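S.K.: Here's a sequence, model it:
(one chain, ligands or ions: 1)
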Amino acid sequence: MTIIRQTTEAMALYKLLRPLAFMLDAEPAHRGTIAALSVLPRLPLPKFATQLHQKVAGLNFPSPVGLAAGFDKDAEAPDAILGLGFGFVEIGTVTPKPQAGNPKPRLFRLKEDRAVINRMGFNSGGQAAALERLRKRDRRGIVGVNIGANKDSEDRIADYVAGVKAMSPVADYLTVNISSPNTPGLRNLQAGGELVELLAAVREARTPGIPVFLKVAPDLESGDHERIVQAAVESGIDALIVSNTTISRPPLKSPHAGEAGGLSGRPLKELALDQLRQFYVATGGQLPLIAAGGIETAEDAWERITAGANLVQLYSAMVFEGPGIARRIASGLEQRLRRSGMSEIAEAVGSR
Ligand SMILES: Cc1cc2nc3c(=O)[nH]c(=O)nc-3n(C[C@H](O)[C@H](O)[C@H](O)COP(=O)(O)O)c2cc1C
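M.R.: Just a heads-up that it's a prediction; the model follows:
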């Protein structure tokens, strides 16, 4: 009861504050949200219906709906986010050294398109600061750590190795993010030889028992899926996150449509779903998939799950819908599952 009341209050507050927040530029509004969340009293972890529980990569996920990386880059509020109704949260991307990211403005809301364009460029307080914060928390709920490379790094693979080593003690899982479009050349790591080399180095550095996920871009060509899956399977990657933001530009209405950077939210939905389907075929269901990109409703989440995703993540829809979105999608999934006659969410994975 208390959790429901607190969440309802948080949502009512969000509805009240949203017009105000939308008067601010996107980045100060986001900063304010993180600052507010980081001082919230710790909410108890929400309880989800047992039908939504699922074991993926050895971890017990209480709900398949997670918060995607990029919202809490520096691990300032993972417990508050879990308390809002997410089944897991991915902090980061964190880079080995602190770095400022790209010049501002670099984050744009495309209200008319229910989309976001960002070219943040891995602004990060660095791994040591995130490590310190995560060390101080009582571990409960699933918190993944998304790792990246510094822009000025001379050896990007070494940056990922450093991230795996540094963050493993505080991570329930790690995500190797090679798909941000905002660090020049980063996505080249998705290419054949480099990917194999990177994943071999990660394999060598990892701690047994901490799953490692690989996050890919949606802007892939035919043949890439099989190649990435083969490299991932051979190097013991535990799941793929499909996908990051896109550099493509489907038709957009917003005045910010011409901004450079990665596009997310509703206009990414079809592309991300298509990529997920291609990865499901390429994996033959052998490697867990985590879907991201334009997920706004329980129907969207159900579509991804039945297309082969074990879990889903979202970010942009929360900008427009507020923090009640995770709980709404989880309860919509529970109803959808009941209607389908299936008894647990794992049964729905790839069922279409
Ligand atoms: C402002 C912003 C910053 C992001 N930063 C990161 C990041 O640091 N690392 C990462 O892996 N993904 C990042 N992402 C991508 C999201 O995690 C997600 O993959 C993508 O936005 C698609 O989901 P969505 O359509 O629900 O937003 C960012 C997205 C946004 C909107």
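S.K.: how about the residues of the stretch 201-350 of the chain that lie near the ligand?
M.R.: 215, 244-245, 264-265, 268, 292-295, 314-317 (CB under 6 Å from any ligand atom). C-betas here are computed from N, CA, C, even on glycine.
S.K.: and the gap between the nearest residue to Leu82 once chain neighbours are set aside and Leu289?
M.R.: Leaving aside its sequence neighbours, Leu82 sits nearest to Gly141 (CB to CB, 6 or more residues apart in numbering; 4.0 Å). According to CB to CB, to the nearest Å, Gly141 and Leu289 sit 22 Å apart.
S.K.: which of those two has more neighbours?
M.R.: In terms of neighbours (other CB atoms under 10 Å), Leu289 is the more surrounded of Gly141 and Leu289; the figures are 28 against 19.
S.K.: doesn't Ile305 make contact with the more buried one?
M.R.: No - with contact defined as CB atoms under 8 Å, Leu289 does not reach Ile305; the gap is 9.6 Å.
S.K.: So for those two, which residues contact both of them?
M.R.: The contact sets of Leu289 and Ile305 do not overlap (CB atoms under 8 Å, 6 or more residues apart in numbering).
S.K.: Tell me where the stretch 201-350 of the chain has helices.
M.R.: In the stretch 201-350 of the chain, the helices defined using DSSP state H, counting those that start in this stretch lie at 224-234, 269-283, 298-306, 316-321, 325-340, 345-348.
S.K.: before we move on, what about the stretch 51-200 of the chain?
M.R.: Under DSSP H, counting those that start in this stretch, the stretch 51-200 of the chain gives helices at 78-83, 127-136, 156-167, 192-205.
S.K.: quick one, which of those is packed in tightest?
M.R.: With neighbours defined as mean count of other CB atoms under 10 Å, the helices of the stretch 51-200 of the chain peak in mean count at helix 78-83, which reaches a mean of 23.
S.K.: Output it as CSV, nothing but the C-alphas.
M.R.: Written as CSV, here are the backbone C-alpha positions of helix 78-83 (Å, rounded to 0.1, in the frame of the first residue of the first chain):
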residue,chain,number,x,y,z
PRO,A,78,20.0,3.8,-8.5
ASP,A,79,18.0,3.0,-5.4
ALA,A,80,15.5,5.7,-6.0
ILE,A,81,15.0,4.6,-9.6
LEU,A,82,14.4,1.0,-8.4
GLY,A,83,11.9,2.3,-5.9
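S.K.: Now do the same for that helix: mean pLDDT, whole number.
M.R.: Averaging pLDDT along helix 78-83 yields 91.
S.K.: circling back to that earlier point, save the helices of the stretch 201-350 of the chain as a markdown table, and put in mean neighbour count too.
M.R.: Output for those, formatted as a markdown table (neighbours: other CB atoms under 10 Å):
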| stretch | mean neighbour count |
| --- | --- |
| helix 224-234 | 19 |
| helix 269-283 | 20 |
| helix 298-306 | 21 |
| helix 316-321 | 22 |
| helix 325-340 | 19 |
| helix 345-348 | 20 |
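S.K.: ends of stretch 245-255, how far apart?
M.R.: End-to-end distance of stretch 245-255 (CA to CA, to the nearest Å): 19 Å.
S.K.: please renumber so the chain begins at 247
M.R.: Understood, numbering begins at 247; the last thing we discussed is stretch 491-501.
S.K.: Report the buried residues of that stretch.
M.R.: For stretch 491-501, burial by neighbour count (16 or more other CB atoms under 10 Å) applies to 491-492, 498, 500.
S.K.: who's in contact with that stretch?
M.R.: Contacts to stretch 491-501, defined as CB under 8 Å, 6+ apart, come from residues 354, 356-359, 361, 364, 426-427, 463-465, 503, 507-510, 513-514, 516-518, 539.
S.K.: Next step: those residues restricted to strands.
M.R.: 354, 356, 361, 364, 508-510 (DSSP state E).
S.K.: For the residue of the stretch 247-396 of the chain found nearest the ligand, give me the pLDDT.
M.R.: For the stretch 247-396 of the chain and the ligand, the shortest gap (CB to the nearest ligand atom) falls at Gly316, measuring 2.2 Å. pLDDT recorded at Gly316 is 96.
S.K.: Would you agree it is in contact with Thr339?
M.R.: Yes - using CB under 8 Å, Gly316 makes contact with Thr339 at a distance of 7.0 Å.
S.K.: quick one: Leu377 and Ile571, what's the gap?
M.R.: Plainly put, Leu377 is 29 Å away from Ile571 if you go by CB to CB.
S.K.: What of Ala272?
M.R.: Counting by CB to CB - Ala272 and Ile571 are separated by 18 Å.
S.K.: Leu486 now?
M.R.: 24 Å.
S.K.: what's the answer for Gly508, then?
M.R.: 20 Å.
S.K.: And Thr429, by the same measure?
M.R.: Per CB to CB, Thr429 is found 28 Å from Ile571.
S.K.: residue contacts, the nearest residue to Lys461 once chain neighbours are set aside?
M.R.: Nearest residue to Lys461, sequence neighbours excluded (CB to CB, 6+ apart): Ile487, at 4.0 Å. The neighbourhood of Ile487, defined by CB under 8 Å, 6+ apart, consists of 421, 459-462, 535-536, 538, 559.
S.K.: wait, what's in contact with the residue lying closest to Ala544 once chain neighbours are set aside?
M.R.: Nearest residue to Ala544, sequence neighbours excluded (CB to CB, 6+ apart): Gly578, at 2.4 Å. With contact taken as CB under 8 Å, 6+ apart, Gly578 is in contact with 543-545, 547-548.
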